[in-house]
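# return a 3D structure for these sequence lines:
(one chain, ligands or ions: 2)
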Amino acid sequence: MKKKALIFGVTGQDGSYLSELLLKKNYEVIGVMRRSSAFNTARIDHLYALYPNQFDTSYGDLSDLNSIERNIEKFEPDEIYNLAAQSHVGVSFEISDSTFDINAFGPLNILQVLKNKGFKSKFYQACSSEMFGISPPPQNENTLFQPQSIYGVSKVCAYYTTRYFRQAFNLFAANGILFNHESPRRGLNFVTKKITIGIAKILTNEIKILELGNLSARRDWGFAGDYVEAIWNILQQDKPDDFVISTGENYSIEDFAREAFNVVGLDWKKFVKSNVSRYLRPSEVPSLLGDSSKAIKQLKWKPKVLFKDLCLMMVESDLKSFNLTLDEAKKIAKKL
Ligand code: NAP
Ligand code: G4F
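Numbers count the residues shown, from 1 in each chain. Ligands and ions are numbered 1, 2, ... in the order given. Okay, the predicted model is just below:
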């Protein structure tokens, strides 16, 4: 019998990589996606064709309890991965109610269904290093949560809700506290992707200058493809538990820009402008640096792709989407 996984947030960056991983492991994967006026399946379209008998999607929304119930009852999954969220910290300052609603009440809705209907599905909740906020680095599973945004607060809520259902009702419910992870499939308005696609736009004369916000914040950036392996691993443990997943290295936004522009031989300082009045957040998380000793020991997990290779992977992929090879890009860069 194939294992069955239900993924909330299947259309997102992590949902697409996790689907690929589970399908390779011979799972049957059902992705829950919300209705959108524009198609939102670009990251998973290839999977329908590659795995016609193993992969499918179903409509549902984390703020619609009835749809959650319907999906769990219909598919009776062995494992449920809740990756769905309003995942943009900056945006959460503007749409705080819906961010809190989706990110905090969403997992509560799923867990209530599991408990009330007696389902034994294992449950994974996507938590975040943003929960640590201003707690000084390095951060691990014992670090104080001091979130600096409603996004962070909502994830702290989701974290404790998951632990509560595990402790009070004996559900297999686990939290992954993941530090920033990126990829060519990263959403366009996160800083890494904004920089790497910005480089391709500068080289093709679409823009002259790239505007960013705070350049001094430091992040522990890993590769999403590596992190979904940890996510899967967390649900394969004998007992449910919570794990920090990170690379253990951190760099500033300025460092990322320098490294990424350097891939094509450009000096970032000539092309990046800091527009703090537009992009500065009301409160900032200055430095995230994960200590994943527990995951390394218990999950036997460690990241394969580190900072430099991640920059290279993302720049090359964005050049490709503009029909440029790295060599062609370097030639154009010499003339700028
Ligand atoms: P993402 O690309 O923004 O994907 C978020 C997913 O959630 C999308 O599929 C989105 O659907 C879906 N979604 C949003 N609201 C929903 C709702 N009301 N009902 C159902 N689905 C909804 O995020 P990601 O980078 O893959 O991250 C996955 C999870 O990990 C998120 O919970 C995020 O907060 C958390 N996390 C991410 C990182 C990171 O660095 N990437 C680090 C720590 C934690 P649409 O496609 O329709 O928008
Ligand atoms: O790329 P970001 O928007 O990611 P952020 O805020 O760290 O959040 C991401 O990682 C969290 C884990 O720690 C996840 F939970 C969350 O879902 C998301 O995936 O911003 C990174 C840093 C911030 O300090 C921000 O102020 O970059 C700074 N920044 C500077 N200029 C910018 C920009 N961020 C964005 N999005 N756009 C800018 O122009």
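
# quick one: residues contacting Asn214.
253, 274, 276, 279-281, 284 (Cβ atoms under 8 Å, 6 or more residues apart in numbering). C-beta here means a position set from N, CA and C on the backbone, and glycine is covered the same way.

# mind running it again at 6 Å?
Residues counted as contacts of Asn214 (Cβ atoms under 6 Å, 6 or more residues apart in numbering) are 280, 284.

# confirm it sits in a strand?
No. Asn214 is assigned coil when assessed by DSSP: H, G, I helix; E, B strand; the rest coil, not a strand.

# ligand 2 contacts on the protein?
Applying Cβ under 6 Å from any ligand atom, one finds that the chain approaches ligand 2 through 87, 89-90, 128-130, 179-180, 189-191, 194, 212-214, 217, 219, 253, 279, 281, 284, 288.

# filter the residues you listed to the buried ones?
Buried residues within those, counting neighbours by 16 or more other Cβ atoms under 10 Å: 87, 89-90, 128-130, 179-180, 190-191, 194, 212-214, 217, 219, 253, 281, 284, 288.

# of those residues, list those near ligand 1.
Contacts with ligand 1 are made by 87, 128, 180 out of those, judged by Cβ under 6 Å from any ligand atom.

# now, the residues you listed that are in strands?
Ser128 (DSSP state E).

# what about stretch 127-145, how long is it end to end?
End-to-end distance of stretch 127-145 (Cα to Cα, to the nearest Å): 12 Å.

# how many residues are close by the one residue in the stretch 1-150 of the chain that gets nearest to ligand 1?
At 2.0 Å from ligand 1, Gly12 is the closest residue in the stretch 1-150 of the chain, using Cβ to the nearest ligand atom. Here the count is done by other Cβ atoms under 10 Å, and Gly12 has 25 residues near it.

# what's near enough to touch the closest residue to it other than its chain neighbours?
Taking Cβ to Cβ, 6 or more residues apart in numbering, and ignoring the residues beside it in sequence, Gly12 has Leu83 as its nearest neighbour in space, at 6.0 Å. Shown in contact with Leu83 (Cβ under 6 Å, 6+ apart): 9, 14-15, 126.

# quick one: pLDDT of Leu83?
Here, the pLDDT recorded for Leu83 equals 98.

# same question for Val276.
89.

# and it, how many neighbours?
12.

# quick one: it and Pro147, what's the gap?
Distance of Val276 to Pro147, computed by Cβ to Cβ, to the nearest Å: 22 Å.
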